[in-house]
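> Got a predicted structure here, sequence first:
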Amino acid sequence: MSTQQSYEAAAAGSPQETAEFDQGHQSFIQKFQHLLHVTPSLVPLIVLVLSVIVFGLLLGSKFFSPFALTLILQQVGIVGIVACAQSLVILTAGIDLSVGAIMVLSSVVMGQFTFRYGLPPEIAVVCGLICGTFCGFINGWLVARMKLPPFIVTLGMWQIVLATNFLYSANETIRSQTIAAEAPLLQLFGEKIKLGGAVFTYGVIFMVLLVILLAYVLRHTAWGRHVYAVGDDPDAAELSGVKVNRVLISVYMLSGLICAFAGWAMIGRIGSVSPTSGQLANIESITAVVIGGISLFGGRGSILGTFFGALIVGVFTLGLRLLGADAQWTYLLIGLLIIAAVAVDQWIRKVSV
Amino acid sequence: MEPILKARGLVKRYGRVTALDHCDFDLMPGEILAVIGDNGAGKSSLIKAISGAVIPDEGEVWLEGRKVQFTSPIDAREEGIETVYQTLAMSPALSIADNMFMGRELRKPGWRGNLLRQLDRARMEEIAREKLNELGLMTIQNINQAVETLSGGQRQGVAVARAAAFGSKVIILDEPTAALGVKESRRVLELIQDVKSRGIPIILISHNMPHVFEVADRIHVHRLGKRLCVIDPKAHSMSDAVAYMTGAAEPAAELAEA
């Protein structure tokens, strides 16, 4: 022991202050990159503002009216709500392909329970919400307990839930007039508040409140932090004391519940209960999430980004329609946006700053 | 003296590989016990078995004379056994403060904590900063920066600080100085002494013989999945220890029974 050389003594005289590095000339682009790294939802926000300005210049007051701008909100209402559910699942590094199917089945349960069994609409709505949550629970249980890949689980559930929907409803649509006359509660989210030319439906208000609520929960509660940790590195999360399975199951259940609310909001939007509606909700919700800058590998991104992503799609859709362009141009541009969003995401991440 | 943590006859098999072969283990109160052994000797499996990260196929573990059965690291943590894993177990995208309090977040007092479940960020950041300063490891300016932006040594510092802040009965350090520079290693060794002076025993797994011989009170030599012997670093040289753990020499018979 005594022969051991005290090599560490040589380090005793080393400087104590924090090392300062010459950052070199930080170009504008580097600073911008740093800013985007710190606030990922800034990218979709910039794209959103730019697209509103461009369409505003091209279309003038036709686009820049309170009516048109709130119309965009109404058009993205359903997708926005579903995209919130999708965001939660994607933050855990999963994906939920069954969101659209759960939404439709929940709306059908609400309608059929009211009109087939004559239940009071309040109870039928609660049953619909429970139905959505239960579908989410099955997803979550298979992902967390059976360790099956989320893609496969929700691909299967998509087919199962959609088939259940058609079998149960016997492909029967409940007409809007019937609902308005006998159970107006089902159309609650279609109610409108008018402020000058601006029109806000309850569905739109619900979407905005949901975004604010989820942003709070993800940022300021332990559960929210755990969602990010599980998406980032589930093994590390487990070792540092997060109950990973419980978090996963709760995320899928919450996703199901939000989809059920989307189903209720959809009745308000289209007026009727139709088992064939909402078929595009899956792909549109994933589009909004990706454009919103949430990483498909989990653990990164914010719910605000998703909200902006959904709005971007809405602005493009309405703007191009008002310009009289072929609807295919919308899809083409959205396709470009998706690829660009992921490319920007990779660029931001390249330098950890 | 009764060991604070005791294991008898631990067995863990992975398929046809036996990682632990009826292994015994004793940790005395207030001591620093080093665990050394060649690669593949089963050190990590032993540590995982007593920290709840793997469930042994056979064998029993006692903590303070009480039989315990951990089915997850959370169980062990609740009993006051804190582990710094070699992989560090941190979420890269989250901040230092978030990582330090992962799984045991503090909530705001009053209705904002109870009703809104709001986290008390200010307090968590303050405690995190305090713990990091105690370690003196910190060339970190911002407690809210993501762990992925830290160097390997800084990450290790955060992980050690987390264990030191919350471990109440036993702290397990798996290669805590492997990724650190000379000065940072020195601080971790000082921290180990500091924790010991608070009366908390430490299990130190390390390949760094000078470090082991400097801080350890006893050295558990692990070989072929079991405890070969326990030696006193004052009575043995580093080359004796290396000879035992590689099988180049057999320890005296009385050592093997210790």
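Looks like it arrived, so ask away. Numbering: from 1, shown residues only, chains lettered A, B, ... in the order given.
> residues contacting residue 225?
Picked chain A for this. Listed by C-beta atoms under 8 Å, 6 or more residues apart in numbering or on different chains, the contact set of A:Arg225 reads B:94, B:98, B:102, B:105, B:119. To be clear about C-beta, it is placed using only N, CA and C from the backbone, and glycine gets the same treatment.
> nope, chain B
With C-beta under 8 Å, 6+ apart, B:Gly225 has these contacts: B:18-21, B:23, B:41-42, B:45.
> Could you pull out the strands in chain A for me?
A:192-195, A:198-201 (DSSP state E).
> just these: most buried one?
Burial of the strands of chain A is given as mean neighbour count (mean count of other C-beta atoms under 10 Å in any protein chain shown); strand A:198-201 ranks first at a mean of 18.
> Just give me the neighbour total for residue 167.
You didn't say which chain, so I picked chain A. Other residues lying near A:Leu167 total 10 when counted by other C-beta atoms under 10 Å in any protein chain shown.
> actually chain B
Neighbour number of B:Gly167 under other C-beta under 10 Å is 22.
> Now it: closest residue in space, sequence neighbours ignored.
B:Glu82 (3.2 Å; C-beta to C-beta, 6 or more residues apart in numbering or on different chains).
> same for the helix or strand that contains the one you found, what does it pack against?
B:Glu82 belongs to strand B:81-84 when assigned by DSSP states H and E. Using 3 or more C-beta pairs under 8 Å, 6 or more residues apart in numbering or on different chains; DSSP states H and E as the contact test, the elements touching strand B:81-84 are helix B:43-51, helix B:152-166, strand B:170-174.
> Out of the ones you listed, name the one with the poorest average pLDDT.
Among those, helix B:152-166 has the lowest mean pLDDT, at a mean of 82.
> Not counting its neighbours along the chain, what's nearest A:Ser302?
Per C-beta to C-beta, 6+ apart, closest to A:Ser302 is A:Ser41, 4.7 Å.
> what sits against the residue nearest to B:Gly167?
B:162-164, B:166-168, B:170-172.
> what is it paired to in the beta sheet?
B:Ile171 (DSSP bridges).
> Look at the nearest residue to A:Gly224 once chain neighbours are set aside and report its pLDDT.
Using C-beta to C-beta, 6+ apart and skipping the chain neighbours, the partner closest in space to A:Gly224 is A:Leu218 (3.8 Å). Looking at A:Leu218, its pLDDT reads 94.
> Could you tell me how far the residue nearest to A:Ile258 when sequence neighbours are not counted is located from chain B?
Sequence neighbours aside, A:Ala85 is the residue nearest to A:Ile258 in space, at 3.9 Å (criterion: C-beta to C-beta, 6+ apart). For A:Ala85, the distance to chain B (C-beta to the nearest C-beta, to the nearest Å) stands at 20 Å.
> Pick out the residue of the stretch 201-350 of chain A closest to chain B.
A:Gly241 (2.6 Å; C-beta to the nearest C-beta).
> Next up, the contacts around that residue.
Applying C-beta under 8 Å, 6+ apart, the residues contacting A:Gly241 are B:73-74, B:77, B:102-104.
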